[in-house]
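> What would the 3D arrangement of this be:
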Amino acid sequence: MIFSVSMWTPILRLSLFLARRALRSFGVAPLPAVFIMGHMRSGSTLLLHILMTHPEIIGCGERNTPYRSSIDLDKLEIASRVARRAPFQPVRYAIDQINHDKFTPNADLLGDERLRCIFLIREPKATIESIVNLSRTYYEPWTVQRAVDYYSQRLQTLAEYATRPGSGNEVLGLTYNDLIADTSSALRRLESFLRLSGTLREQYMIQSFT
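So this is what the prediction gives:
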């Protein structure tokens with residue numbers, strides 16, 4: 001039997017419902033989430049790897065999927081638990097990196113009490129050069145103008161998100177240079193912001209999605 005997309009949708013919804021019910025029946029509370037809110041070539045993948053090396057944080061790489069409601073935070077949790085083979089393991093956060101506006105279509109979600117956001121940016125010249133070089137290797141080549149337009153729009157969005165009134169959530173701001181040139185201090189700030197037990201290390205584990 002061949003399943004169409006329309007047939008898969010209720011199956012996926014049922015799977016999500018059953019997975020959430022199983023977790024809650026075993027006393028596993030909804031897991032808080034961390035979003036690394038960055039842009040392409042900002043160091044977001046590096047930061048994701050560093051944070052995922054900590055035993056209290058799980059994830060499954062850059063999901064590239066929209067977050068519209070708290071249900072999507074549940075999807076992140078379940079996908080992360082499946083990827084890490086940790087269905088009932090007590091952890092503190094599920095994590096994702098978000099580098100494109102289209103993946104946060106509902107800005108109100110950023111005020112969800114389960115969510116913490118780390119804003120990560122890199123200076124323009126190195127970012128534009130890196131985007132253009134990356135696109136030549138892995139994607140359809142980008143022009144400099146396209147890279148500039150993306151970078152400018154993304155920074156405008158991040159600025160709006162970070163200063164959004166009434167969110168009620170703490171946010172942390174870091175730069176690429178913080179991670180590379182002042183790593184120890186940046187890691188201590190992350191530990192404090194996320195209230196982690198134990199320390200973050202400069203060395204990180206290679207993940208299945210690396």
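
> Tell me the buried residues in the host helix or strand of residue 79?
Element membership of residue 79, judged by DSSP states H and E, is helix 70-84. Judged by neighbour count (16 or more other CB atoms under 10 Å), helix 70-84 contains these buried residues: 72, 73, 74, 75, 76, 77, 78, 79, 80, 81, 83, 84. The C-beta positions use only the backbone N, C-alpha and C, and glycine is treated the same way.

> now swap in stretch 121-128 and tell me
121, 122, 127, 128.

> What is the distance between the helix or strand harbouring the last one and the centre of its chain?
Right, the one you point to is residue 128. Taking DSSP H and E as the criterion, residue 128 maps to helix 124-138. Centroid displacement of helix 124-138 relative to its chain, using CA atoms, centre = their mean, to the nearest Å, is 21 Å.

> Now for residue 154, how many residues are close by?
Residue 154: 20 surrounding residues under other CB atoms under 10 Å.

> Show me the strands in this protein, by range?
Using DSSP state E, the strands of the chain run over 33-37, 57-59, 93-98, 115-121, 171-175.

> what's the angle from the third one to strand 115-121?
In this structure, strand 93-98 runs at an angle of 40 degrees to strand 115-121, with axes from the mean of the first three to the mean of the last three CA atoms, to 10 degrees as the basis.

> Now distance to residue 112 too, for the buried residues of stretch 121-128, in TSV please.
Formatted as TSV, the buried residues of stretch 121-128 follow (distance: CB to CB, whole Å):
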residue	distance to residue 112
121	23
122	27
127	29
128	33
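
> Now that residue 49 has come up, it's in contact with residue 210, right?
Yes - with contact defined as CB atoms under 8 Å, residue 49 and residue 210 form a contacting pair (7.1 Å).

> Which of those two has more residues huddled nearby?
It is residue 49, of residue 49 and residue 210, that has more neighbours when counted by other CB under 10 Å, with 19 against 10.

> What residues does that one make contact with?
The neighbours of residue 49, taking CB atoms under 8 Å, 6 or more residues apart in numbering as the test, are 204, 205, 206, 207, 210.

> Run a quick neighbour tally on residue 171.
18.

> Please look at residue 107 and residue 164 and confirm they touch.
Yes - applying CB under 8 Å as the test, residue 107 and residue 164 come out as touching, 6.5 Å apart.

> hey, where'd the helices end up in the protein?
Listed in chain order, the helices found in the chain under DSSP state H are 5-25, 44-52, 70-84, 124-138, 144-162, 176-181, 183-194.

> can you list contacts of the shortest one?
What that stands for is helix 176-181. By CB under 8 Å, 6+ apart, helix 176-181 touches 42, 43, 46, 47, 120, 121, 122, 123, 126, 185, 186.
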